[in-house]
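Peer 1: pasting the sequence and the predicted model now:
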Amino acid sequence: MKPYILLSIALLLNGSLALAQNITADTSVSAVSAYKCTDFSPHIYLSASSEECSGSSGDTNLSKLSDFATKVCGLTVTDTVAVVPQGVTALPEYAFADCKQLRHIQLPTTLKEIGDYTFLGCDNLQDINLPTTLTKIGEGAFRECASLKTLAIPANVTVVPRYMCAWCGDLQTVALPKGLKDIGSHAFAYCSSLESIQIPNHVAHIGSNAFSFCSSLKEISLPVSITELESYAFSDCTSLKRATLPANDKMLGEYLFTGCKSLEEIVCMSKKRPTFDCNSPFFDPSENLKIRYITPGWKW
């Protein structure tokens, strides 16, 4: 074999080994490069790829495990447990998206950030213990984790992002940190098993549809710290019977309780009647709900 051919092969092998070593050592490796999508994917509209999806709709061999899951965590398509190694400070977006087999995950005490849609569609993920070092959770991080039953958000997280736990049908209990300031739109929408939620006293903003279709939620009490309550925040909570609004006269979003057919009582602690966005009341008048209003000296 000619010398220059041998040299080329040697350089190629060395480059490949170096690349593999770099990927293994780089705990921040992006999940984007390996997250493929096909026409069969229910999340095609959430594809992490910055480029158009490649491959025909009949190509079912495209990998759905990210570089992070395979190279950093050593995960295979049959594994039910994933261990993120110590030293990792951030989980990239879509890192474990659509890992249908995943039931348990162990996170390191070095973790500070969870990316957007990191656990999207992990249907069988039963539990996840978030470390106290965590400071940021990305949009839709646990969206469609249908088997997740409990979730405790660590003390240093101040924002619950939009769609964080949307469509988590088995989610029964959520512990929010005392320092929480913001709950994003659709954060807990369609969490049909969520029976109660305690909003901490520092929350200033609750986004639109944040708790829509939480059909097991029976009562809600909002703290005085609320300065912005967006439209439809508790719409279609069909088991909701009592709601307590904060003692301020900030503008309220429209149709906050539309579709709450079991609603019996609204306690409004404000010293004067609050205003509504677009002059829309709590629910559509056509719903003809018989509500008992409790107010401090003024008529609704």
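Peer 2: Yep, that arrived.
Peer 1: ok, Lys290 - how many residues close by?
Peer 2: For Lys290, the neighbour count with other C-beta atoms under 10 Å is 6. Any C-beta I mention is one placed from the backbone N, CA and C, and that applies to glycine too.
Peer 1: what mean pLDDT does stretch 276-283 have?
Peer 2: For stretch 276-283, mean pLDDT rounds to 85.
Peer 1: tell me which residues in stretch 116-134 are buried?
Peer 2: By neighbour count on 16 or more other C-beta atoms under 10 Å, the buried set for stretch 116-134 is 116-123, 125-126, 128, 130, 134.
Peer 1: kindly report the same for stretch 144-151.
Peer 2: Neighbour-count burial for stretch 144-151 [16+ other C-beta under 10 Å]: Glu144, Cys145, Leu148, Leu151.
Peer 1: run through the residues that contact the first one.
Peer 2: Read it as Glu144. Leu120, Gly121, Cys122, Asp123, Ala166, Trp167, Cys168 (C-beta atoms under 8 Å, 6 or more residues apart in numbering).
Peer 1: tabulate those residues (CSV), appending distance to Cys260.
Peer 2: Listed next are those as CSV, based on distance: C-beta to C-beta, whole Å:
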residue, distance to Cys260
Leu120, 29
Gly121, 29
Cys122, 30
Asp123, 29
Ala166, 19
Trp167, 20
Cys168, 20
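Peer 1: point out where the chain drops to low pLDDT.
Peer 2: Under the criterion pLDDT under 70, the flagged ranges of the chain are 1-63.
Peer 1: how about the helices of it, start to end?
Peer 2: Applying DSSP state H to the chain gives helices spanning 3-25, 67.
Peer 1: now for the last one, which elements pack on it?
Peer 2: With contacts defined as 3 or more C-beta pairs under 8 Å, 6 or more residues apart in numbering; DSSP states H and E, helix 67 has no packing partner among the helices and strands.
Peer 1: can you pick out the most distant pair from the buried residues of stretch 144-151?
Peer 2: Using C-beta to C-beta, the pair of the buried residues of stretch 144-151 lying farthest apart is Glu144 and Leu151, separated by 13.9 Å.
Peer 1: now the buried residues of stretch 144-151 as a markdown table including distance to Phe68?
Peer 2: Listed next are the buried residues of stretch 144-151 as a markdown table, based on distance: C-beta to C-beta, whole Å:
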| residue | distance to Phe68 |
| --- | --- |
| Glu144 | 19 |
| Cys145 | 18 |
| Leu148 | 20 |
| Leu151 | 22 |
